[in-house]
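**Q** build me a model from this:
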Amino acid sequence: MSDDKKHIQKKIQAKYRSIKQKYSEDKNFDKKEFTILAIIVLLIFLLDAIFPTF
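**A** Numbering: from 1, shown residues only. As a prediction, the model looks like this:
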């Protein structure tokens, strides 16, 4: 894995963690919404893996 990919992966993980933290503090947050969010983050990462220029 190139340094570029590692950097992007770290950025995505950091963003994911900050979103997770933000919503775990919100007691009204639905677990289903969080699952959808996790899938979206995963899709963004997969798209980046397929299209490195993205």
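
**Q** tally of neighbours for A38?
**A** Other residues near A38 come to 13 when the count uses other C-beta atoms under 10 Å. Every C-beta, even on glycine, is put in place using the N, C-alpha and C of the backbone.

**Q** would you point out which residue is most central in this structure?
**A** Closest residue to the average C-alpha location of the chain: V41 at 3.5 Å, with C-alpha atoms, centre = their mean.

**Q** so which strand or helix has that one?
**A** Take DSSP states H and E as the rule and V41 turns out to sit in helix 31-50.

**Q** got the contact list for I19?
**A** By C-beta atoms under 8 Å, 6 or more residues apart in numbering, the contact set of I19 is L37, V41.

**Q** low-confidence regions, the chain specifically.
**A** Across the chain, the ranges flagged by pLDDT under 70 are 1, 23-30, 52-54.

**Q** hey, which helix is longest across it?
**A** Using DSSP state H to define each element, the chain has its longest helix at helix 3-25.

**Q** how far is that one from where the chain is centred?
**A** In terms of C-alpha atoms, centre = their mean, to the nearest Å, the gap separating the centre of helix 3-25 from the centre of its chain is 6 Å.

**Q** and that helix with helix 31-50, angle?
**A** Counting by axes from the mean of the first three to the mean of the last three C-alpha atoms, to 10 degrees, helix 3-25 lies at 170 degrees to helix 31-50.

**Q** that older thread, I figured the residue nearest to the centre of the chain was touching A14, is that so?
**A** No. V41 lies out of contact with A14 (C-beta atoms under 8 Å); the separation is 11.2 Å.
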